[in-house]
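Participant: here is the input, now give the coordinates:
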Amino acid sequence: MGYVYAADSEEQISTVEQAFPSLVQEDVKQKLELMKLRLNTSIEEWGSHLTRDDFEWTWRGRMLKQPKRVEICNIFQSVINDTYKLLRQNQASLSPIDQKNIESRQAFIKQLGIKDNTIPTQMGFDCIIK
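Facilitator: Next up is the predicted model:
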């Protein structure tokens, strides 16, 4: 089976710690690490259940069927939603610049390095983040 990757390389999308350097509260950092772990675990678990029937042949080669693409994009969306919510709940611990970067979801998504609300995958499709 093919693997699904969030981006072509780790450098394309910043970690929350890179995007928000003033984040210093240990409990918040720990929660962010748990979210990162949850993302990786969710993707691995999701990928372990893929079967031949989850793929279709297109002119570009083998590709995930639409329902499976939606599933993986929903995993990315839920982790971004939870991370944004956590930062908003703990915004007092952020620097004024980082607080400004979470005033809106758009600013937060942009700060993470996600361009045009799109997370590219190596499976021939992109996930649009709302």
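
Participant: which SS state does the one residue sitting closest to the centre of the chain fall under?
Facilitator: Nearest to the geometric centre of the chain sits F76, at 4.0 Å (Cα atoms, centre = their mean). Using DSSP: H, G, I helix; E, B strand; the rest coil, the structure places F76 in helix.

Participant: which residues does it contact?
Facilitator: Contacts for F76 (Cβ atoms under 8 Å, 6 or more residues apart in numbering) come out as 6, 39, 119, 127, 129. C-beta here means a position set from N, CA and C on the backbone, and glycine is covered the same way.

Participant: let's see 6 Å
Facilitator: By Cβ atoms under 6 Å, 6 or more residues apart in numbering, the residues touching F76 are 119, 127.

Participant: quick check: the residue lying closest to I75 once chain neighbours are set aside vs I72, distance?
Facilitator: Nearest residue to I75, sequence neighbours excluded (Cβ to Cβ, 6 or more residues apart in numbering): S42, at 4.9 Å. Here the criterion is Cβ to Cβ, to the nearest Å. By it, S42 lies 9 Å from I72.

Participant: now the strand or helix carrying P67: buried residues?
Facilitator: Under the criterion of DSSP states H and E, P67 resides in helix 66-89. By neighbour count on 16 or more other Cβ atoms under 10 Å, the buried set for helix 66-89 is 68-69, 71-73, 75-77, 79-80, 82-84, 86-87.

Participant: what's the mean pLDDT across stretch 92-102?
Facilitator: On average, the pLDDT along stretch 92-102 is 85.

Participant: okay, strands next: where are they in the protein?
Facilitator: With DSSP state E, the ranges of strands along the chain come out as 55-58, 61-64, 118-120, 126-128.

Participant: would you turn those strands into TSV with mean neighbour count, distance to Q18 and mean pLDDT?
Facilitator: As requested, the strands of the chain are arranged in TSV below (neighbours: other Cβ atoms under 10 Å; distance: least, Cβ to Cβ, whole Å; pLDDT from 0 to 100):
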stretch	mean neighbour count	distance to Q18	mean pLDDT
strand 55-58	11	34	91
strand 61-64	15	29	88
strand 118-120	17	16	91
strand 126-128	16	20	93
